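Colleague: sharing a sequence plus its predicted fold:
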Amino acid sequence: MDLRAAFLLMLLLFSPLRAGEALRIPFEVHEGQRIERVITRGRESIRPAGEKGFYRGNLPEALFTEARRFRGRHGSFYLLDLSREGKSFDALPYDELQIDTDARIFRVALADEVLAGKESNRIIGRNRHRIPLKPFYRGLDMQRLKYVVILTEAKLSRLRVVFRKRPLPPKMQRKPSLSVWAWHPGRVNPDRLERAGIRRIYLQVGSRFSEAANRLKAMRSPPEIYALDGSPGDIYRASKVIGKLSRLPLKKLRGIQLDVEPYLLPEYFSDRERTLKRYLKMLKRVGAWCRRKGLRFSVVIPHWFDRVRFSGKPLLPMLLHLVDEAVLMSYRSEPAEVLRISADTLRQGEELGKRIALGVELRPVEEERHILYRVGPTGPCITRRFFHLRCRELTELRRYRVPGSRISFAGRPAALKRLLRQIPPYRSFDGFVLHDYSMLERFEAAIE
């Protein structure tokens, strides 16, 4: 036996089995990263675990008073560190920055994680005690602010910085509107829509679409009709999508909605940057076509898109700039949790002047099993089938289950009725979208 064979035999005999070593991870991972294994309906997927790098303050205001004075190349300045326990401050909920200081001449600057890393900042006001934040939304990552900087030569005896959210105007306190997804145009009954008070229907493109659109337009109070279409592979075929939409009776439509969900593609995890680039490019082309045709452009997105980053920046603002509205799949069955997981998207929609509706799941959903791992270093290991010289060590952190009753309102009409009375405190909120038309009859009492 030569030395190489002896070495391999020793590794086989003495290398410990590594936790999770039989998992095939379909994307590049790094030591310290967390991944999540999700098992449902007899299938399983592995995806990066969502980790937020920011914390939230308490509404309607967040107060900061601890400042340090420095002297640099460009003069004196006071630095207020917004971070807590290594996490940046989420300023998205706030409309205005208020400065309480005894200085007469000063400048105010903000630094997000990127600017802080460059030891730079962005000036947002001069000698102003109340500064609206919306104009600076595109140039700063408002969800990951690190510092407020007050540049002044004066030695301050008083400095308070407050992020504040203005109250909603009275006209926003109205009953939420209801919309519905309908996957089978031929089965849509106008009378049922009227009884449920549906003001908008997202109608799947397909057989009997034109016939259904004609019936809906003949209603006494017809709902807005959006043509609904899309599949993950459409990110590679924008021209085909536009061609298909062009054959619809466009004069009967208020808009187009795409439900593409690129994260269902295997390449989303192996090459997320490229996949998201194709996704945004496709949305841009379809959105431009919709504007030329005088149609509103809507897109369906998951509630966790607020945590996804593309090219080092938040994905959600880039996406919202390309559409007129978004419907968020906020699939939870406790009203408070629906609003909690939707808050970040509603905030960003408010900042950008976009409408955001919240999707509500009514159909029965199966239980999900989740296993969370931390990625360790590489090293030799033995799998269930054979030996590998290099293998990622996976440390299991925890297991938990998400029952279908937590995701769907199936069998919980009273909880649905409570949710449909809610008014989230954001100007972007545009009502609820029910999933789907086939469940309207079962929830008729809760909806009316």
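Modeller: Received it, and whenever you're ready, just let me know what you need.
Colleague: what separates stretch 67-85 from the chain centre, distance-wise?
Modeller: 32 Å (Cα atoms, centre = their mean, to the nearest Å).
Colleague: restricting to C-alpha, output that stretch in CSV.
Modeller: Output of stretch 67-85 as CSV, limited to C-alpha atoms (Å, rounded to 0.1, in the frame of the first residue of the first chain):
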residue,chain,number,x,y,z
ALA,A,67,-23.0,62.2,20.8
ARG,A,68,-19.2,62.3,20.6
ARG,A,69,-17.3,65.4,19.4
PHE,A,70,-14.4,65.0,16.9
ARG,A,71,-12.1,67.3,15.0
GLY,A,72,-11.2,66.3,11.5
ARG,A,73,-9.6,67.7,8.4
HIS,A,74,-12.8,69.6,7.6
GLY,A,75,-13.5,71.0,11.0
SER,A,76,-15.4,69.9,14.1
PHE,A,77,-18.4,67.6,14.1
TYR,A,78,-20.6,65.6,16.5
LEU,A,79,-21.3,61.9,15.8
LEU,A,80,-24.4,60.1,17.0
ASP,A,81,-24.0,56.4,16.6
LEU,A,82,-27.3,54.8,15.6
SER,A,83,-26.2,51.2,15.7
ARG,A,84,-27.0,48.8,18.5
GLU,A,85,-25.2,45.5,19.1
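Colleague: show me which residues of that stretch are buried.
Modeller: Neighbour-count burial for stretch 67-85 flags 67, 77-80, 82-83 (criterion: 16 or more other Cβ atoms under 10 Å). All C-beta atoms are positioned from the backbone trio N, CA, C, and that covers glycine.
Colleague: show residues contacting it.
Modeller: The contact list for stretch 67-85 (Cβ atoms under 8 Å, 6 or more residues apart in numbering) reads 55, 64-66, 88-89, 145-153, 155-156, 159, 161.
Colleague: before we move on, the earlier item: now render the buried residues of stretch 67-85 as TSV, adding distance to Ala415, pLDDT and secondary structure.
Modeller: Supplementary listing: those in TSV, determined by distance: Cβ to Cβ, whole Å; pLDDT from 0 to 100; DSSP: H, G, I helix; E, B strand; the rest coil:
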residue	distance to Ala415	pLDDT	secondary structure
Ala67	46	94	strand
Phe77	51	95	strand
Tyr78	49	96	strand
Leu79	47	96	strand
Leu80	42	96	strand
Leu82	37	96	coil
Ser83	37	93	coil
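Colleague: including distance to Arg421, could these go into CSV?
Modeller: Output for the buried residues of stretch 67-85, formatted as CSV (distance: Cβ to Cβ, whole Å):
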residue, distance to Arg421
Ala67, 43
Phe77, 48
Tyr78, 46
Leu79, 45
Leu80, 40
Leu82, 35
Ser83, 38
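Colleague: of these, which pair is most distant in space?
Modeller: Based on Cβ to Cβ, the longest span within those runs between Phe77 and Ser83 and measures 17.5 Å.
Colleague: any idea how many residues pack against the nearest residue to Arg126 once chain neighbours are set aside?
Modeller: By the measure of Cβ to Cβ, 6 or more residues apart in numbering, the closest residue to Arg126 outside its immediate chain neighbours is Arg107, 5.1 Å from it. Residues within reach of Arg107, counting by other Cβ atoms under 10 Å, total 18.
Colleague: for Arg107, give me phi and psi.
Modeller: The phi/psi pair for Arg107 (degrees, to the nearest 10) reads phi -120, psi 150.
Colleague: just use 45 as the starting number from now, easier for me
Modeller: Okay, residue one is now 45; in that scheme the one you just asked about reads as Arg151.
Colleague: show me where the stretch 145-294 of the chain has strands.
Modeller: 151-156, 166-170, 174-176, 189-195, 203-208, 222-226, 242-248, 268-273 (DSSP state E, counting those that start in this stretch).
Colleague: redo those strands as JSON lines? Include distance to Asp368 and mean pLDDT.
Modeller: Shown next, in JSON lines, are these (distance: least, Cβ to Cβ, whole Å; pLDDT from 0 to 100):
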{"stretch": "strand 151-156", "distance to Asp368": "27", "mean pLDDT": "96"}
{"stretch": "strand 166-170", "distance to Asp368": "28", "mean pLDDT": "95"}
{"stretch": "strand 174-176", "distance to Asp368": "23", "mean pLDDT": "95"}
{"stretch": "strand 189-195", "distance to Asp368": "28", "mean pLDDT": "96"}
{"stretch": "strand 203-208", "distance to Asp368": "29", "mean pLDDT": "95"}
{"stretch": "strand 222-226", "distance to Asp368": "14", "mean pLDDT": "96"}
{"stretch": "strand 242-248", "distance to Asp368": "13", "mean pLDDT": "96"}
{"stretch": "strand 268-273", "distance to Asp368": "11", "mean pLDDT": "97"}
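Colleague: can I get these in a markdown table with distance to Arg68?
Modeller: Formatted as a markdown table, those follow (distance: least, Cβ to Cβ, whole Å):
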| stretch | distance to Arg68 |
| --- | --- |
| strand 151-156 | 36 |
| strand 166-170 | 44 |
| strand 174-176 | 50 |
| strand 189-195 | 38 |
| strand 203-208 | 45 |
| strand 222-226 | 34 |
| strand 242-248 | 34 |
| strand 268-273 | 33 |
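Colleague: quick one: which of those strands is nearest Thr145?
Modeller: Proximity to Thr145, assessed across the strands of the stretch 145-294 of the chain by Cβ to Cβ, is greatest for strand 203-208 (4.9 Å).
Colleague: need the contact partners of the closest one.
Modeller: With contacts defined as Cβ under 8 Å, 6+ apart, strand 203-208 is touched by 101, 104-109, 111, 122, 124, 135, 138-145, 177, 192, 194.
Colleague: list buried members of the residues you listed by neighbour count.
Modeller: Buried members of the contacts of strand 203-208, counted by 16+ other Cβ under 10 Å: 101, 106, 108, 111, 122, 124, 135, 138-139, 141-143, 145, 177, 192, 194.
Colleague: who does the longest helix seen in the chain touch, helix- and strand-wise?
Modeller: Secondary structure of the chain per DSSP state H: the longest helix is helix 316-337. Judged by 3 or more Cβ pairs under 8 Å, 6 or more residues apart in numbering; DSSP states H and E, the packing partners of helix 316-337 are helix 282-290, strand 299-302, helix 311-314, strand 340-346, strand 353-354, helix 359-364.
Colleague: returning to that earlier point: now do the contacts for the residue nearest to Arg170.
Modeller: Counting by Cβ under 8 Å, 6+ apart, Arg151 touches 167, 169-171, 194-196.
Colleague: what does Leu289 give?
Modeller: Leu289 makes contacts with 249, 271, 273, 300, 330, 333, as judged by Cβ under 8 Å, 6+ apart.
Colleague: same deal with Ser221?
Modeller: 243-244, 474-476.
Colleague: just the buried ones from the residues you listed?
Modeller: By neighbour count, with 16+ other Cβ under 10 Å, the contacts of Ser221 hold 244, 474-476 as buried.
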